[in-house]
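> Structure for the following, please:
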Amino acid sequence: MDQSIRPASADRVANAPGSDRLVVLDALRGFAALGILWRNIFVFGLPTVAFSLPEEWGENVVSNVSAWLYVVIFVDGTMRGMFSLIFGATALLLLDRHARRPGGLLAADLYFRRLMWLVVFGLVHGYVLLWPHDVLYVYGILGMFLFAFRNMSGRRLLLIGIAIFAVSSLKDGTGWSLDQISSDAFDASQTESLEGGSAPQVGGDTVPADPAPAGEALAEAGASETEDEVAMFEELERLALAEMDERLAGYTDLVRTLALETFQEQTTLFFTDHVLDVGAMMFFGMALFRLGAFSGRWTNGQYAAMAAIGLAGGLVLGFLIHGATAVPGYSEWSVGSADAYLYNLRRLLLCLGLIGLASLLARGRIARVLLTPFTMVGRIPLTTYVGQTVICVALFYGVGLGLFGTLEHHQLLAIAFAINLGQIVFAFVWLRFVGQGPLEALLRRLVGIGIEVDKR
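Have a look, this model is predicted:
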């Protein structure tokens, strides 16, 4: 039998004897579930125009720029990419597991039921819980197409992933997208897809952290500039204040405003961006699963090379794209207009590096302890991901504490880390006393309604 299509369970690195769970998959899923908040919290907490120029927002310039660099170099797109990659690998793991059990069409039935309910969860997450950049809807739709590739070898899956990846990078580099034709209303909202979407947030504009003197600070920043630049700052001020009014409104008004963005994400942007962006990563995840990367079949040297090349290459590339223009003295290192072509490569390299690092840690009993918090969170990723939305809406929007636009970059990142810590503690306690995440249990129950599942 071709090793590339051997069931991964034959060589699994499990949490416990007889377990079908893979430590590496759980740890990486948990890391992505926590890390995706490091980017998304800026969407929850800042006006869109405030993100890209942290030196203009608030008083602590060094801390704000450092936080911004950490996000745009390491986090932006990487966590979404890791989520997509792990989703592809997990799809094959589930299909292999069902295929080994009796039941005929039951395997396909359970698989598609799970994906259909993910679509429903995504609709609720976007329209009811007010998160337009939801990934569950996208994964539910695209996951259905993965079924047709379940028996394909790792090499062929890898080739498909590379082809989609190349098209996606070319599209990003050229800037061509169908949404440019039909998204005038969406463009007016100045909202771009982030960790739950398809591309880095577009900006280059900011406003101060205190919403009251927003106009004063922007006017002061533009006072010594040309008339065109002053006009630009005035427009940025108008956009920031308009977005702040929207986010601090009541629930009904928030639903009305954000529903437009959710609809755009799940229709036009789904076809122009998400199919390529998410699809490529899913195929890479499927290929790595078939090739044994997640089940410990590779050597320490292979994992070490994967970690070193991936992390070093991704971080260096990220610095050349973003850091060279933000850190004084490195402007000549900037990749310039090639940055859009390299966006996907940066995050793919970082994903591969993290997979290599996690695989090495999983091989040592002492080192594996470092993965434990992420492994626990990785067992309740749906609860973790949706829980972040509930917490952030309560913190930042008008239906809660109304902190939108009042904090600086480094403060928002600190809040994200604090939420992560709380979610890790919750994962340990909940799994210890209950055994399954609340949303995971709900999904399992919904999937099983109307069918008899073999309990043996």
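> Not including adjacent chain positions, what is the nearest residue to V72?
Leaving aside its sequence neighbours, V72 sits nearest to H322 (CB to CB, 6 or more residues apart in numbering; 4.5 Å). From N, CA and C alone the C-beta is placed, and that goes for glycine too.
> List the contacts of the one you found.
Going by CB atoms under 8 Å, 6 or more residues apart in numbering, H322 touches L69, V72, I73, D339.
> likewise L94?
So, once contact is read as CB under 8 Å, 6+ apart, L94 ends up touching Y111, R114.
> ok, then the element right after the helix or strand hosting it?
Per DSSP states H and E, L94 falls inside helix 78-99. Counting by DSSP H and E, the next helix or strand C-terminal to helix 78-99 is helix 106-123.
> Does that next one pack against any helices or strands, and if so which?
Taking 3 or more CB pairs under 8 Å, 6 or more residues apart in numbering; DSSP states H and E as contact, the helices and strands that helix 106-123 lies on are helix 78-99, helix 136-146, helix 438-448.
> That helix: which residues count as buried?
107, 109-111, 113-119, 121-123 (16 or more other CB atoms under 10 Å).
> If you rank every helix and strand of the chain by mean pLDDT, what lands last?
helix 184-188 (a mean of 41; mean pLDDT, DSSP states H and E).
> Okay, now the unreliable bits of the stretch 201-350 of the chain?
Applying pLDDT under 70 to the stretch 201-350 of the chain flags the ranges 201-225.
> ok, which stretches of it are helices?
214-222, 227-247, 251-266, 268-269, 275-290, 300-318, 324-326, 339-362 (DSSP state H, counting those that start in this stretch).
> Can you tell me which of those is most buried?
helix 275-290 (a mean of 26; mean count of other CB atoms under 10 Å).
> Next, the angle from it to helix 300-318.
160 degrees (axes from the mean of the first three to the mean of the last three CA atoms, to 10 degrees).
> Ramachandran angles for N151?
Phi and psi for N151, reported as degrees, to the nearest 10, are phi -100, psi 10.
> how close does it sit to L92?
Distance, N151 to L92, by CB to CB, to the nearest Å: 10 Å.
> Pick out whichever of those two has more residues nearby.
Applying other CB atoms under 10 Å to N151 and L92 shows that L92 carries more neighbours, namely 26 against 10.
> what's near enough to touch the nearest residue in space to that one that is not next to it in sequence?
For L92, ignoring the flanking residues on the chain, the nearest one in space by CB to CB, 6+ apart is F289 at 4.9 Å. By CB under 8 Å, 6+ apart, the residues touching F289 are A8, G88, A89, L92, L93, G154, S295.
> Likewise for V135?
Contacts of V135 (CB under 8 Å, 6+ apart): R80, F83, S84, G122, G196, V278, Y385.
> What about these, which one has the most neighbours?
The contacts of V135, ranked by neighbours (other CB under 10 Å): first place R80, 30 neighbours.
> I am assuming that residue contacts L37, so please confirm or correct that.
No. In terms of CB atoms under 8 Å, R80 does not count as a neighbour of L37; the distance is 11.7 Å.
> most centrally placed residue in this structure?
R80 (2.4 Å; CA atoms, centre = their mean).
> I'd like to know how far that one sits from Y343.
Distance from R80 to Y343, by CB to CB: 12 Å.
> for I321, same thing?
7 Å.
> Over to V75?
Counting by CB to CB - V75 and Y343 are separated by 13 Å.
> Can you tell me which of the helices of the stretch 201-350 of the chain is nearest to L159?
Nearest to L159, of all these, is helix 275-290, at 8.4 Å by CB to CB.
> quick one: that closest one to chain centroid distance?
Here the centre of helix 275-290 is set off from its chain's centre by 14 Å, with CA atoms, centre = their mean, to the nearest Å.
> How about stretch 84-97?
17 Å.
> So which bits of that stretch are buried?
For stretch 84-97, by 16+ other CB under 10 Å, it's 84-96.
> Convert the C-alpha atoms of it to CSV, please.
In CSV, the C-alpha atoms belonging to stretch 84-97 read as follows (Å, rounded to 0.1, in the frame of the first residue of the first chain):
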residue,chain,number,x,y,z
SER,A,84,-8.0,26.0,7.3
LEU,A,85,-5.1,23.7,7.1
ILE,A,86,-6.1,21.8,10.2
PHE,A,87,-9.7,21.6,9.0
GLY,A,88,-8.6,19.8,5.8
ALA,A,89,-6.5,17.4,7.8
THR,A,90,-9.3,16.8,10.3
ALA,A,91,-11.8,16.1,7.5
LEU,A,92,-9.7,13.2,6.3
LEU,A,93,-9.2,12.0,9.9
LEU,A,94,-13.0,11.9,10.4
LEU,A,95,-13.6,10.2,7.1
ASP,A,96,-11.0,7.6,7.8
ARG,A,97,-12.5,7.0,11.2
